[in-house]
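*Asks:* Build the 3D model from these lines:
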Amino acid sequence: MSENTVCDNNSNSYRGLLAEVWFTLMRSIGLGHNEISAVSSSSEELISLISESASGLNSNEVNIIRNLINMRDITAQDLMIPRADILAVSQNTNLSVMLQQMIDSDHSSIPVYRDSLDDVIGMAHIKDVLANINKGCDVSVGALVRDIMIVAPSSRALELLQEMRITQRYMALVVDEYGGIDGLIAVEDLIRKLLDDKNSTTQKQGSLEQSK
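*Replies:* Here you go, the predicted model:
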């Protein structure tokens, strides 16, 4: 059975605009098919493109695109949860406790360690936890771990978001050059940044102040 969808002609132009802005942005930060060493489009030029073409978009949609553009210089270190604040669980944690941890933390994935945070063996995803609870499986969370991404603090947020989408690994440990864990970043953190209206508002206020 096919999905029930509601759309109009404007949706195609909207997707086309998003694709155009995304492609331009990806090329400008070196993520296109052909690597580009120099940034050919500034944030102001891309935002101008949106302003000229976005008559059919609402303010929230424009803010998301604006945030996307302004995120290209943001790194994993800028958005990560510091090591001291990382929520992680032992591989021996039972599934009902794990599920409650996920609900309380508002994250779909949580790191799983063997003996300590310095020995992370992967991450547990809420889909796996729920599936095994529903089946009545009496296993600990260690049996459900998925691979977790390892990234440098300097990794750019947009590259990380794209990598998460491609690999379907939605959590990354931020590790320094010596192998120490600096922090944690989840796809939810990146999405919140995209949806953050304050981010766009601050950017617009800064532009206004500079123009005075």
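*Asks:* Could you pull out the helices in this structure for me?
*Replies:* 9-28, 43-53, 59-70, 76-79, 95-105, 126-134, 157-167, 187-195, 197-211 (DSSP state H).
*Asks:* Domains in this structure, by residue range?
*Replies:* Residue ranges for the domains of the chain, per the TED database: 41-72, 77-195.
*Asks:* possible to save these as a markdown table with mean pLDDT and mean neighbour count?
*Replies:* In short, each C-beta sits where N, CA and C put it, glycine included. Compiled in a markdown table, these are given as follows (pLDDT from 0 to 100; neighbours: other Cβ atoms under 10 Å):
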| stretch | mean pLDDT | mean neighbour count |
| --- | --- | --- |
| domain 41-72 | 62 | 16 |
| domain 77-195 | 91 | 16 |
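*Asks:* contacting residues for the nearest residue to residue 117 once chain neighbours are set aside?
*Replies:* Leaving aside its chain neighbours, residue 117 sits nearest to residue 88 (5.6 Å; criterion: Cβ to Cβ, 6 or more residues apart in numbering). Residue 88 makes contacts with 110-113, 117, 120, as judged by Cβ atoms under 8 Å, 6 or more residues apart in numbering.
*Asks:* Swap in 10 Å and give it another go.
*Replies:* Residue 88 sits next to 101, 110-113, 116-117, 120, 123-124, 173, 181, 184 when contact means Cβ atoms under 10 Å, 6 or more residues apart in numbering.
*Asks:* What is the most widely separated pair among those?
*Replies:* Within the contacts of residue 88, 101 and 181 form the most distant pair, 18.7 Å apart (Cβ to Cβ).
*Asks:* Please tell me how far the closest residue to residue 68 other than its chain neighbours sits from residue 126.
*Replies:* Setting aside the residues directly before and after it, residue 68 is nearest to residue 194 in space (Cβ to Cβ, 6+ apart), at 6.1 Å. Remark: distance between residue 194 and residue 126 (Cβ to Cβ, to the nearest Å) = 21 Å.
*Asks:* now do residue 82
*Replies:* 23 Å.
*Asks:* again with residue 92
*Replies:* 19 Å.
*Asks:* Is residue 150 in contact with residue 163, as I believe?
*Replies:* No: applying Cβ atoms under 10 Å, one finds residue 150 not in contact with residue 163, separated by 11.2 Å.
*Asks:* anything in contact with each of these two?
*Replies:* residue 172.
*Asks:* Look up phi and psi at the residue nearest to residue 117.
*Replies:* Dihedral pair for residue 88: phi -140, psi 160, per degrees, to the nearest 10.
*Asks:* Then the one 4 residues further on?
*Replies:* The phi and psi torsions at residue 92 (degrees, to the nearest 10) take the values phi -90, psi 0.
*Asks:* show me what contacts residue 75?
*Replies:* Here residue 75 is in contact with 151-157, 159-160, 174, 185 (Cβ under 10 Å, 6+ apart).
*Asks:* Include distance to residue 68 when you put those residues into JSON lines, please.
*Replies:* Below are these laid out as JSON lines (distance: Cβ to Cβ, whole Å):
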{"residue": "151", "distance to residue 68": "19"}
{"residue": "152", "distance to residue 68": "22"}
{"residue": "153", "distance to residue 68": "21"}
{"residue": "154", "distance to residue 68": "20"}
{"residue": "155", "distance to residue 68": "17"}
{"residue": "156", "distance to residue 68": "12"}
{"residue": "157", "distance to residue 68": "10"}
{"residue": "159", "distance to residue 68": "13"}
{"residue": "160", "distance to residue 68": "13"}
{"residue": "174", "distance to residue 68": "21"}
{"residue": "185", "distance to residue 68": "17"}
